[in-house]
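Chemist: please find the sequence and the predicted model below.
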Amino acid sequence: MRKLFSLLLALLAFTAQAQVTFKITAVPANTPANATIYMAGSFNNWNPGSAAHALTYNATDRSYQITLPTGTGTIAYKFTRGAWASVETTASNGQVPNRTFTFGSSTGPVLSQVLNWEDLAGGTPTGTSTAAANVSVISTAFAMPQLGRTRRVWLYLPPGYATSGRRYPVLYLQDGQNVFDNLTAFAGEWGVDEALNQLAINGQDPTGCIVVAVDNGANRLDEYSPWNNPQYGGGQGDLYVDFLVQTLKPYIDTNYRTLPGREHTGVAGSSMGALIATYAALREPAVFGKVGVFSPAFWFAYPQLASYVHQHPANPNTRFYFVSGTTESSTMVPYMTAMRDSLLRGGVPAANLNLNTRPDGQHAEWFWRREFPAGYSWLYAPATASAARPARRLAVSLYPNPTARELRVTLPAAVVGEAQLEISDVAGRTVLRTRVRNGQTVDVSRLPAGLYLSRLSAGGAVGVRKFSKE
């Protein structure tokens, strides 16, 4: 009995430590009576309106609280009323530094007070803007007709733009409020303007680049994924890409001196922004030729994304730059590496794929700020921007397609000897690897019915074909 009692006490102690409560004891007097307050942070991809992280109101003491399961390490967070436009601010309506909590340091409750809300404080946030002089806001309410919304859009023009008469490549970035100005950033800024200005001063960016940055909104998770995640949302990514391609890019190309071709046009982002940037390049290979993928949230829709890249091989001349920390999450590096490998199997040469992992990297703006110059310099290097040496394609055919038992391989006459054949399934797994000659048949009767991707390589050239197994 004594042992059982001790066991129960230990279990109760463990249960008490298995969760942590965060409590807001006071909010501004002008907080709407029906307001819902949310906790947004590194633990939920900085979603300002996650239903799973809405605080519960206690009418007795007029407090708000939420209980989170315990974890490891340190989380960063802020409180919002559902959007970054209504994030908490200081008493003078300045930016609140990220709140932090280290699991194991306290059993709670963790007490906080909200001093102000950005949208209810009677003006714009106070403080000094850190945006460079060559950064401007095109519009605070740029129309997004595909989504029925408006959004702030930022513009960076390279030094000398006004007098050069030249045309420039363009980079489209997501989460625009975090790109140029610490005053508008909710978790720190990337400092893209300072980085590009410094590269120009040092003579390390002779071509220069126009940067267009689009703010996120309350629908960030919906807009940054074309597929729905049952827990977090999503599903409006196609409409967002339509906005980039059909509305924003034509406006930029019409009103500024751009080099509009795919080989001069890039798209990039971090976390969910990296997910939609990757998807945009796969869906619109004739528009985007450079992709910056910083700490991608591929986990949000990984099975669908893996299937999509399998069915829609990237343009072999598209360049992809991947970077993340090694300990950001258990799936970060594996999924990022799997995407690189899928692109390679789909015909993108290794020279156009740059994957980097950093032991000290974190899912945070400071990390992406540090890594941006290297990623930009690789993607927009003058020798590659001209695409002087495009990837060689191998003209191959497989028939019959669909097939039930075998495939006959036809290679061009220029191929002397054998070619390497690799077949992968929709999950990106290699299911068959062999060497073939022109006219040779390959037995695929043992493969399950479904869609497959074949990759044939010979003499440095690559040919990719899809086929259906009945």
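Modeler: That came through fine. Values in this document were obtained by computation on a predicted structure and should not be read as measured data. Residues are numbered from 1 along each chain as shown.

Chemist: any stretches of the stretch 51-200 of the chain with poor pLDDT?
Modeler: Along the stretch 51-200 of the chain, segments meeting pLDDT under 70 span 122-127.

Chemist: in it, which spans are strands?
Modeler: For the stretch 51-200 of the chain, the strands defined by DSSP state E, counting those that start in this stretch occupy 56-58, 63-69, 74-80, 88-89, 99-102, 110-113, 116-117, 135-144, 149-156, 170-173.

Chemist: nearest to residue 196, of the ones you listed?
Modeler: Nearest to residue 196, of all the strands of the stretch 51-200 of the chain, is strand 149-156, at 6.8 Å by C-beta to C-beta. Every C-beta, even on glycine, is put in place using the N, C-alpha and C of the backbone.

Chemist: quick check: residue 225 touching residue 274?
Modeler: No. With contact defined as C-beta atoms under 8 Å, residue 225 does not count as touching residue 274 (11.2 Å).

Chemist: still on that earlier bit, format the strands of the stretch 51-200 of the chain as JSON lines; extra columns: mean neighbour count and distance to residue 320.
Modeler: Formatted as JSON lines, those follow (neighbours: other C-beta atoms under 10 Å; distance: least, C-beta to C-beta, whole Å):
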{"stretch": "strand 56-58", "mean neighbour count": "13", "distance to residue 320": "43"}
{"stretch": "strand 63-69", "mean neighbour count": "17", "distance to residue 320": "35"}
{"stretch": "strand 74-80", "mean neighbour count": "21", "distance to residue 320": "28"}
{"stretch": "strand 88-89", "mean neighbour count": "22", "distance to residue 320": "37"}
{"stretch": "strand 99-102", "mean neighbour count": "15", "distance to residue 320": "33"}
{"stretch": "strand 110-113", "mean neighbour count": "15", "distance to residue 320": "40"}
{"stretch": "strand 116-117", "mean neighbour count": "22", "distance to residue 320": "40"}
{"stretch": "strand 135-144", "mean neighbour count": "16", "distance to residue 320": "26"}
{"stretch": "strand 149-156", "mean neighbour count": "20", "distance to residue 320": "22"}
{"stretch": "strand 170-173", "mean neighbour count": "24", "distance to residue 320": "14"}
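
Chemist: tell me which of those strands lies nearest to residue 357.
Modeler: With distances scored as C-beta to C-beta, the stretch of these nearest to residue 357 is strand 74-80 (21.0 Å).

Chemist: CA atoms of that closest one as PDB?
Modeler: Only the C-alpha atoms of strand 74-80 are listed here, as PDB (Å, rounded to 0.1, in the frame of the first residue of the first chain):
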ATOM      1  CA  THR A  74      13.200  27.900 -24.600                       C
ATOM      2  CA  ILE A  75      10.200  29.200 -26.500                       C
ATOM      3  CA  ALA A  76       9.600  32.800 -27.700                       C
ATOM      4  CA  TYR A  77       6.100  34.300 -27.800                       C
ATOM      5  CA  LYS A  78       3.900  37.300 -27.900                       C
ATOM      6  CA  PHE A  79       0.200  38.000 -27.400                       C
ATOM      7  CA  THR A  80      -2.100  39.200 -30.200                       C
END
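
Chemist: and it, what does it pack onto?
Modeler: Helices and strands in packing contact with strand 74-80 are listed as strand 38-41, strand 88-89, strand 99-102; criterion 3 or more C-beta pairs under 8 Å, 6 or more residues apart in numbering; DSSP states H and E.

Chemist: want to throw the strands of the stretch 51-200 of the chain into a markdown table with distance to residue 413?
Modeler: A markdown table is the format used below for these (distance: least, C-beta to C-beta, whole Å):
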| stretch | distance to residue 413 |
| --- | --- |
| strand 56-58 | 72 |
| strand 63-69 | 63 |
| strand 74-80 | 61 |
| strand 88-89 | 69 |
| strand 99-102 | 65 |
| strand 110-113 | 72 |
| strand 116-117 | 71 |
| strand 135-144 | 51 |
| strand 149-156 | 50 |
| strand 170-173 | 41 |
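
Chemist: so which of those strands comes closest to residue 363?
Modeler: Closest approach to residue 363 among those (C-beta to C-beta): strand 74-80, 9.5 Å.

Chemist: now that closest one against strand 63-69, angle please.
Modeler: Calculated by axes from the mean of the first three to the mean of the last three C-alpha atoms, to 10 degrees, strand 74-80 forms an angle of 150 degrees with strand 63-69.

Chemist: the strands of the stretch 51-200 of the chain: which one's closest to residue 240?
Modeler: Of all the strands of the stretch 51-200 of the chain, the one in closest proximity to residue 240, counting by C-beta to C-beta, is strand 135-144 (8.0 Å).

Chemist: now the closest one against strand 149-156, angle please.
Modeler: In terms of direction (the same axes, to 10 degrees), strand 135-144 departs from strand 149-156 by 150 degrees.

Chemist: shift numbering so it begins at 681
Modeler: Sure, I'll start counting at 681 from here, so that last one is strand 815-824.

Chemist: so what touches strand 815-824?
Modeler: With C-beta atoms under 8 Å, 6 or more residues apart in numbering as the contact definition, strand 815-824 has outside contacts at 830-837, 860-861, 873, 892, 894, 923, 927-928.

Chemist: mind redoing it with 7 Å?
Modeler: With C-beta atoms under 7 Å, 6 or more residues apart in numbering as the test, strand 815-824 has contacts from 830-836, 860, 873, 923, 927.

Chemist: mind putting these into JSON lines with distance to residue 974?
Modeler: Formatted as JSON lines, those follow (distance: C-beta to C-beta, whole Å):
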{"residue": "830", "distance to residue 974": "26"}
{"residue": "831", "distance to residue 974": "21"}
{"residue": "832", "distance to residue 974": "21"}
{"residue": "833", "distance to residue 974": "20"}
{"residue": "834", "distance to residue 974": "18"}
{"residue": "835", "distance to residue 974": "21"}
{"residue": "836", "distance to residue 974": "17"}
{"residue": "860", "distance to residue 974": "16"}
{"residue": "873", "distance to residue 974": "17"}
{"residue": "923", "distance to residue 974": "21"}
{"residue": "927", "distance to residue 974": "25"}
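
Chemist: and the residue nearest to residue 771 when sequence neighbours are not counted, how close does it get to residue 1092?
Modeler: When the adjacent residues along the chain are set aside, residue 771 lies closest to residue 795, with 4.7 Å between them (C-beta to C-beta, 6 or more residues apart in numbering). Distance of residue 795 to residue 1092, given as C-beta to C-beta, to the nearest Å: 70 Å.

Chemist: got it, and residue 970?
Modeler: Residue 970 sits 30 Å away from residue 1092, going by C-beta to C-beta.

Chemist: between those two, which is the more surrounded one?
Modeler: A count of neighbours by other C-beta atoms under 10 Å puts residue 970 above the other of residue 970 and residue 1092, at 29 against 14.
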